[in-house]
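Asker: next one to model:
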Amino acid sequence: MNGRRRRALLATVTPVLEPGERVEVTTIVGLSTVSVRRTAAFGIASAIASGGTVTVIPTPVPHYLAMTDRRLFVFRADPTFAKPVEHTMTIQREGLFRSEIKERILNSSFVLSSPYSETRLKLIFPLISRKERHLVAAAIPVTR
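Answerer: Below is the predicted model:
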């Protein structure tokens, strides 16, 4: 994550931090995936519909992740202006655990789970965020 994006995220997160809470990691993640087969079908369909003049390929909306020593904050990212647009969720780190890391050519991912909720969250890290992925993964234990 470049300096401008990091400063914008920290400016957004800092007012909601509890006393003594500190930010450990900031990164860009994806929260949903679009399958390769679906992406290809969508691109082909858009090219056929437009007579070959336009090809549209869907991509997941990027999100900012700020991990503190107590919580994970997720914000929807504005890709044009490099700033957080909307607070999506806050997850307590207490009791949080994750699946094994799945490595792919262009990204990697793991699933976060909590004993307090039945909701599971899949975090997808782009290739350039490997360092941050390792930091997040090291802070959250693997599935019990």
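
Asker: all helices for the protein, in order.
Answerer: 3-13, 36-49, 130-139 (DSSP state H).

Asker: need the ones you listed in CSV with distance to Val61, mean neighbour count and mean pLDDT, can you?
Answerer: All C-beta atoms are positioned from the backbone trio N, CA, C, and that covers glycine. Below are these laid out as CSV (distance: least, CB to CB, whole Å; neighbours: other CB atoms under 10 Å; pLDDT from 0 to 100):
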stretch, distance to Val61, mean neighbour count, mean pLDDT
helix 3-13, 15, 16, 90
helix 36-49, 15, 12, 68
helix 130-139, 18, 16, 91
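
Asker: so what's Asp78 bridging to?
Answerer: Lys83 (DSSP bridges).

Asker: what pLDDT does it get?
Answerer: For Asp78, the model assigns a pLDDT of 85.

Asker: so it sits right up against Pro62, yeah?
Answerer: No. Checked against CB atoms under 8 Å, the pair Asp78 and Pro62 is beyond contact range at 9.1 Å.

Asker: gap between stretch 80-92 and the chain center?
Answerer: On the basis of CA atoms, centre = their mean, to the nearest Å, stretch 80-92 sits 10 Å off its chain's mean C-alpha point.

Asker: got the contact list for that stretch?
Answerer: For stretch 80-92, contacts defined as CB atoms under 8 Å, 6 or more residues apart in numbering pick out 2, 4-5, 8-9, 12, 31, 63-64, 70-78, 112, 114, 116, 121.

Asker: gap between the residue nearest the centre of the chain and Leu96?
Answerer: Centrality entry for the chain: nearest residue to the mean C-alpha point is Val29, 2.2 Å, by CA atoms, centre = their mean. When distance is defined by CB to CB, to the nearest Å, Val29 is 15 Å away from Leu96.

Asker: now do Ser129
Answerer: Applying CB to CB to Ser129 and Leu96 gives a distance of 19 Å.
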